[in-house]
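K.L.:
Sequence and computational prediction follow.
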Amino acid sequence: MLLEEIMNTEMYTLGPTDTVKDVLELFREKRIRHVPIVDEARKVIGVVTERDLKDARFAEDAPAAADSLYDLKVEQVMTKNPITGHPLDVVEETALLFYEQKIGCLPVVSNGQLVGFFTETDLLYKYIELTGAHQPGSQIEVRVPNRAGALYEVSKILYEHHVNVLSVLVYPDKRNEANKVLVFRVKTMNPLPIIEDIRKEGFDILWPNIPGM
């Protein structure tokens with residue numbers, strides 16, 4: 001999945017000569033925590049986040065009076081030359097960028113201009129969508145040997161039960177590198193018959209961990 005498919009294209013922006021008061025009002029009115037700062041050509045020159053505002057408030061050279069803080073120009077408190085993305089960046093790589101660089105937002109730039117904006121909240125919501133966690137269903141975690149065909153063997157059981165699979169994730173088994181963990185989100189509220197048949201095929205069920213099964 002590409003960034004252009006899920007990025008926000010209807011964005012709120014401010015300019016470098018706007019004030020901290022303008023930022024606070026925008027944050028409060030639109031219930032946001034990050035805003036890109038652009039020049040007249042819509043070139044990204046910075047971002048302002050809640051953390052930037054806190055840092056400005058407690059900086060050693062910060063004005064003492066609250067009114068003076070509100071009057072500070074955005075260019076005095078913004079993070080300059082922020083990390084940016086491109087519409088054709090892959091979402092998984094973008095998630096890694098958020099993790100490694102410890103950022104909370106990403107302006108998306110094409111041909112030198114701001115075309116989108118992406119935040120950690122957007123990333124989390126997309127994960128929820130991709131895993132189907134927002135839909136009614138059940139989760140089944142299965143430990144399988146790390147070999148070709150294991151996913152097919154378990155999926156075949158789900159197919160035989162005529163159960164729709166909402167998502168599949170594959171994780172390494174932390175206890176044994178010779179295994180993998182398959183996490184299925186399935187569209188049924190009663191996964192017990194499926195679990196029983198998976199066990200009959202010799203696979204370990206990690207979740208749900210039901211006593212007596």
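P.N.:
The structure has been received and is ready for your questions. Residues are numbered from 1 along each chain as shown.
K.L.:
tell me the domain ranges of the protein?
P.N.:
As given by automatic domain parsing, the domain ranges for the chain are 3-128, 133-207.
K.L.:
Can you flag the weakest of those domains by average pLDDT?
P.N.:
Ranked by mean pLDDT, the domains of the chain bottom out at domain 3-128, with a mean of 92.
K.L.:
start to end distance for that domain?
P.N.:
16 Å (Cα to Cα, to the nearest Å).
K.L.:
Could you pull out the helices in the chain for me?
P.N.:
Applying DSSP state H to the chain gives helices spanning 3-6, 20-30, 50-58, 66-70, 74-77, 91-101, 120-131, 150-160, 192-200.
K.L.:
Dump these into JSON lines; add distance to A41 and mean neighbour count as well.
P.N.:
Yep, even glycine has a C-beta here, placed from its N, CA and C like the rest. Shown next, in JSON lines, are those (distance: least, Cβ to Cβ, whole Å; neighbours: other Cβ atoms under 10 Å):
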{"stretch": "helix 3-6", "distance to A41": "21", "mean neighbour count": "16"}
{"stretch": "helix 20-30", "distance to A41": "20", "mean neighbour count": "15"}
{"stretch": "helix 50-58", "distance to A41": "23", "mean neighbour count": "14"}
{"stretch": "helix 66-70", "distance to A41": "28", "mean neighbour count": "12"}
{"stretch": "helix 74-77", "distance to A41": "16", "mean neighbour count": "18"}
{"stretch": "helix 91-101", "distance to A41": "25", "mean neighbour count": "14"}
{"stretch": "helix 120-131", "distance to A41": "25", "mean neighbour count": "14"}
{"stretch": "helix 150-160", "distance to A41": "49", "mean neighbour count": "15"}
{"stretch": "helix 192-200", "distance to A41": "57", "mean neighbour count": "15"}
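K.L.:
could these be laid out in a markdown table, adding distance to T84?
P.N.:
As requested, the helices of the chain are exported to a markdown table (distance: least, Cβ to Cβ, whole Å):
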| stretch | distance to T84 |
| --- | --- |
| helix 3-6 | 11 |
| helix 20-30 | 20 |
| helix 50-58 | 17 |
| helix 66-70 | 28 |
| helix 74-77 | 18 |
| helix 91-101 | 10 |
| helix 120-131 | 15 |
| helix 150-160 | 37 |
| helix 192-200 | 45 |
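K.L.:
Can you check which of those helices gets nearest to K180?
P.N.:
With Cβ to Cβ as the criterion, K180 lies closest to helix 150-160 of the helices of the chain, at 6.9 Å.
K.L.:
Spatially central residue for this structure, please.
P.N.:
The residue lying closest to the centre of the chain (Cα atoms, centre = their mean) is L123, at 1.9 Å.
K.L.:
Surely that one touches A95?
P.N.:
Yes. Between L123 and A95 a contact is recorded at 5.8 Å, counting by Cβ atoms under 8 Å.
K.L.:
which residues sit in contact with V35?
P.N.:
Going by Cβ atoms under 8 Å, 6 or more residues apart in numbering, V35 touches 12-14, 23, 26-27, 47-48.
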